[in-house]
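J.: got a sequence here, can you model it:
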Amino acid sequence: MKRSIAVLLTAAMILSLAGCSKKDEKETSRTKRTKDSTETEETESPETEETSSESEQSTESESESESESSSDSTGLGKPSGPVHVKLDHSLTLLDLSEDVTDRAYGELIKNLDYPHMMSVHEYVSSYTVLSDNYDALNKKLSDISSTHKNACDKEYDNIVKQFPEYQKIASEENYYMFSSNYFGSYINLCRADSEITSFSVKDTLISTDLSSDSEAFYNFKSGTGEEIKFDDIVTDRSAFADAIIASIPATTANTNDWQKTQYEAVKAAAENIRNNEDVAFLLYPNAICISDTVMLDGQNMDIDFNVSVLDLSNCVKPEYFGSTTKYYSIVQDVGNNIKWDFDEDGILDTLTVNDVSDDDYGINLEISLNDKKITLPDLPELQDGDDISWVGVSYTNNGYFLYVECAMEDPVNQTLVFKINGDSVEYVGSMGEFDSFPVNPDSVVVNRRSDLLGTNHVSILSTLNDTNGIPKQTSDFMKKYGLGAANDKMVLGKFTPDGKPTDQSVTVPAGTVVRILGINTKQELVTFEALFPDESKNFQFQMILRSSDDDYYDVYFNGKGAYDLFSGCFYAD
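T.: Numbering: from 1, shown residues only. All right, here's what the predicted structure looks like:
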């Protein structure tokens with residue numbers, strides 16, 4: 001998902017970023033580096049042979065037969081008639097446990113006219129499968145996570161040691177160079193079921209003398225931990241490349257220069273595939289995500305896009321797609337289509353979502369289902385949108401819901417929600433943005449703007465089940481990130497783990513740098529952590545939450561709110 005954020009928000013908002021990058025058939029990472037950078041290390045996984053059961057071979061044969069009767073003979077993979085598909089929802093969702101390393105430290109930069117924070121933040125996520133019989137996959141996950149975590153640990157520790165030197169050289173002219181240091185390794189899951197585990201690991205290293213942004217893609221058979229290679233899935237690269245090019249939308253008078261450049265990059269990536277070059281990819285139930293670095297006008301350009309595959313059995317092995325868990329999510333392709341059998345009548349449907357605006361500002365949303373244009377109500381939310389950032393569909397126990405995330409000038413994007421009812425698509429309402437791809441609609445994280453201890457977002461654990469498509473909060477605790485230095489000494493009461501006050505107190509000395517950990521709406525408490533170079537001295541404390549009906553959160557001490565209690569916080573407006 002694309003994010004539109006201020007430069008000074010980079011360290012605080014980076015956890016919400018997701019995308020695609022270069023990867024070879026074993027493991028490849030696409031890396032952007034400036035200043036003092038090092039080469040991205042590549043590791044190899046053992047090569048494996050593709051095997052399939054008799055039932056898979058039968059399914060493939062039937063799909064090929066159906067495709068032959070409904071596709072044209074041009075080799076472009078564009079069906080000339082109905083495409084017959086048979087979905088399967090018998091896969092089991094992997095029981096995953098997430099382990100997170102989340103460290104931070106900061107100091108107010110001395111000798112400045114206005115207080116600015118010098119900070120460093122490390123965030124590393126990793127997963128373990130708790131279900132039995134996934135030892136091989138867990139070994140892969142552990143090895144991958146260890147490599148990425150070690151790199152982040154090293155950079156974080158190094159920056160903290162350099163803070164005294166940075167304090168000596170920081171000035172009004174160069175303080176921004178030291179303000180945001182971030183070292184993160186974030187996992188973006190695309191599939192996590194009993195058949196396939198597909199994910200990317202995004203590494204972001206930002207410091208005074210290093211800027212690195214890379215992402216590695218991984219695709220495994222869940223049961224064996226064997227690597228899935230691109231040519232295991234795509235049986236005819238040339239036909240697949242033709243299908244990509246055929247799916248690119250035709251340019252119109254409303255097609256802007258940026259879109260035209262994107263289309264040219266997609267064409268170049270398709271030709272790279274045809275020419276047997278290495279391919280970075282991820283797997284969704286209905287599509288393949290392709291990522292590449294292409295050459296356009298003498299410059300390298302990164303491009304990532306999705307390719308619908310349920311109508312491409314002439315060049316893609318169908319047994320890798322169309323199978324899901326009970327609840328699942330699917331994605332839009334490069335042609336702005338989501339191809340799926342929504343009514344499960346055995347015929348592939350096409351849901352199309354476009355921005356047909358001819359203006360640089362505002363979104364003119366157009367939705368059609370099987371070429372039938374949907375009449376939409378007036379949507380004032382679209383007036384402040386820059387463009388469509390992400391489109392996906394989630395299936396829940398209340399059916400299918402369409403999510404259209406709109407890129408905003410605000411640090412958090414706004415997402416429009418629609419209910420798919422038979423041959424109609426009905427507007428439901430709006431929400432914040434998904435933190436990452438909603439692999440499991442029953443457990444999603446939704447971001448919403450918050451300005452407590454600086455402009456950022458709260459991350460809210462929610463479910464899409466038993467809802468009208470608008471996520472329902474399932475946890476009282478909302479995560480939040482932000483740093484500030486206490487302006488005054490604060491003596492605060494202590495609370496029990498279940499939020500009850502005690503007769504004990506905790507003292508936060510003036511000048512102590514703290515970070516917010518999260519907000520508990522049920523206990524009406526905000527949890528903070530006091531930060532020190534020696535992490536063993538860190539301690540947590542709570543302050544009473546003050547909130548309003550419009551989800552505005554604040555804390556008070558001696559009649560002062562957070563804006564006056566803490567210095568060095570960054571506010572967007």
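J.: what stretches of the stretch 401-550 of the chain score poorly on pLDDT?
T.: Filtered on pLDDT under 70, the stretch 401-550 of the chain yields the residue ranges 549-550.
J.: where along it do the strands fall?
T.: Taking DSSP state E, counting those that start in this stretch, the strands of the stretch 401-550 of the chain run over residues 414-421, 424-431, 433-434, 444-450, 456-463, 472-473, 477-480, 483-486, 490-495, 501-508, 513-520, 525-530, 539-547.
J.: domain-wise, how is the chain divided?
T.: Per the record, the chain has its domains at 55-92+218-472, 483-567, by automatic domain parsing.
J.: by mean pLDDT, flag the weakest helix or strand of this protein.
T.: Taking mean pLDDT, DSSP states H and E as the measure, the helix or strand of the chain with the lowest value is strand 29-35, at a mean of 38.
J.: ok so, going back, would you list the strands of the stretch 401-550 of the chain in a markdown table and tack on distance to Ala268 and mean neighbour count?
T.: C-beta: built from backbone N, CA, C; applies to glycine. Shown next, in a markdown table, are the strands of the stretch 401-550 of the chain (distance: least, C-beta to C-beta, whole Å; neighbours: other C-beta atoms under 10 Å):
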| stretch | distance to Ala268 | mean neighbour count |
| --- | --- | --- |
| strand 414-421 | 31 | 21 |
| strand 424-431 | 34 | 16 |
| strand 433-434 | 30 | 25 |
| strand 444-450 | 33 | 21 |
| strand 456-463 | 35 | 22 |
| strand 472-473 | 43 | 12 |
| strand 477-480 | 40 | 21 |
| strand 483-486 | 42 | 23 |
| strand 490-495 | 58 | 15 |
| strand 501-508 | 56 | 12 |
| strand 513-520 | 44 | 22 |
| strand 525-530 | 47 | 20 |
| strand 539-547 | 50 | 17 |
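J.: closest to Asn398 out of the ones you listed?
T.: With C-beta to C-beta as the criterion, Asn398 lies closest to strand 414-421 of the strands of the stretch 401-550 of the chain, at 8.2 Å.
J.: that closest one pairs with which strands, parallel or anti?
T.: Using DSSP bridges, strand 414-421 pairs in its sheet with strand 399-408 (antiparallel), strand 424-431 (antiparallel).
J.: include distance to Glu264 when you put those strands into a markdown table, please.
T.: Formatted as a markdown table, the strands paired with strand 414-421 follow (distance: least, C-beta to C-beta, whole Å):
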| stretch | distance to Glu264 |
| --- | --- |
| strand 399-408 | 22 |
| strand 424-431 | 31 |
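J.: Asn286: which of those is closest?
T.: Across the strands paired with strand 414-421, closest to Asn286 is strand 399-408 (C-beta to C-beta), at 12.4 Å.
J.: looking at the strands of the stretch 401-550 of the chain, which is nearest to Ser222?
T.: Per C-beta to C-beta, nearest to Ser222 of these: strand 444-450, 21.0 Å.
J.: mind listing what that closest one pairs with, with the direction of each?
T.: strand 433-434 (antiparallel), strand 456-463 (antiparallel).
J.: shouldn't Ser121 be within a helix?
T.: Quick fix: residue 121 reads His, not Ser. No. Assigned with DSSP: H, G, I helix; E, B strand; the rest coil, His121 falls outside any helix and is strand.
J.: that one bridge partners, please.
T.: For His121, the beta-bridge partners under DSSP bridges are Ala104, Tyr182.
J.: hmm, it is touching Arg103, no?
T.: Yes. Between His121 and Arg103 there is a contact at 7.3 Å, judged by C-beta atoms under 8 Å.
J.: these two: which has the busier surroundings?
T.: A direct count of neighbours by other C-beta atoms under 10 Å for His121 and Arg103 places His121 higher, at 24 against 19.
J.: quick check: the gap between the more buried one and Thr128.
T.: Distance check for His121 against Thr128: by C-beta to C-beta, to the nearest Å, it reads 24 Å.
J.: do Trp340 as well
T.: 31 Å.
J.: how many neighbours does Lys260 have?
T.: Neighbours of Lys260 using other C-beta under 10 Å come to 11.
J.: ok but it is inside a helix, no?
T.: Yes. Assignment of Lys260 by three-state DSSP places it within a helix.
J.: contact partners for the closest residue to it other than its chain neighbours?
T.: Leaving out its chain neighbours, the residue that sits closest to Lys260 by C-beta to C-beta, 6 or more residues apart in numbering is Thr251, at 6.2 Å. By C-beta atoms under 8 Å, 6 or more residues apart in numbering, the contact set of Thr251 is 259-260, 263.
J.: now render those as JSON lines, adding pLDDT and distance to Glu535.
T.: Output for these, formatted as JSON lines (pLDDT from 0 to 100; distance: C-beta to C-beta, whole Å):
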{"residue": "Gln259", "pLDDT": "87", "distance to Glu535": "47"}
{"residue": "Lys260", "pLDDT": "91", "distance to Glu535": "50"}
{"residue": "Tyr263", "pLDDT": "95", "distance to Glu535": "49"}
